[in-house]
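Chemist: Whatever this is, show me its structure:
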Amino acid sequence: MTRDPFRIVFVCTGNICRSPMAEVVFRALATDAGLADRVVVESSGTGDWHVGERADSRTIAALTRRGYDGAAHRAKQFEHADFDTHDLVVALDRSHERILASWARDPADTDKLALLRSFDPDASGSLDVPDPYYADDSMFDEVLIMIESASRALFRQLEPAIRRDT
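Modeler: As a prediction, this is how the structure comes out:
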């Protein structure tokens, strides 16, 4: 019996910088592992400022420099129903985690919350992925490298269970 795909959503502030990076990177990891049909990867923001917009041009450029394609992304806002439709809700920093926890309706919702860098054994200092929005292009590259490292660690943790369900 084939089970439903594992559903994960990455959440940042406006869904134009950090969470689209995480979505694209994690989707690429699943595809490269031959599990694209077993994982649904999405992203959203805690705010509605950019709903419907493309990812920030610096996000798309940073992704392109590392071999990813972020051109299809369109921003959306996290909704309470996302707790019902996702197995894991991954915040990019502690402010997002706090907001999402405040929106959780019950312990089942709260149990789905995680901080992305908490999966990365090589993460040092703060577990927050810094917001590059007000920084230069180099900060977007640095943030993407953090997201890649944490996403690889998260994928390694999830992959055995996802494969078992195939």
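Chemist: Residue 41: what secondary structure?
Modeler: strand (DSSP: H, G, I helix; E, B strand; the rest coil).
Chemist: list the contacts for it?
Modeler: Residue 41 is in contact with 8-10, 23, 26-27, 30, counting by Cβ atoms under 8 Å, 6 or more residues apart in numbering. Heads up, the C-betas are built off the backbone N, CA and C, glycines and all.
Chemist: Same question for residue 48.
Modeler: Going by Cβ under 8 Å, 6+ apart, the list of residues near residue 48 reads residue 77.
Chemist: Can we start the residue count at 49 from this point?
Modeler: In the new count, where the first residue is 49, that last one comes out as residue 96.
Chemist: SS state for it?
Modeler: Classification of residue 96 using three-state DSSP returns coil.
Chemist: Can you report phi and psi for it?
Modeler: Phi and psi for residue 96, reported as degrees, to the nearest 10, are phi -110, psi 10.
Chemist: next one: residue 74
Modeler: phi -70, psi -40.
Chemist: Just give the number of residues close to it.
Modeler: Neighbourhood size, residue 74 [other Cβ atoms under 10 Å]: 26.
Chemist: which parts of the longest helix along the chain are buried?
Modeler: Determined from DSSP state H, the single longest helix within the chain is helix 185-212. Along helix 185-212, these residues count as buried under the neighbour rule (16 or more other Cβ atoms under 10 Å): 187-189, 191-192, 194-203, 206-207, 210.
Chemist: repeat for stretch 172-183
Modeler: 175-177, 179-181.
Chemist: The protein: helices as residue ranges?
Modeler: Assigned helices in the chain, in chain order: 66-80, 105-113, 129-133, 142-151, 155-159, 185-212 (criterion: DSSP H).
Chemist: Next, the buried residues of the fourth one.
Modeler: By 16+ other Cβ under 10 Å, the buried positions in helix 142-151 come out as 144-145, 148, 151.
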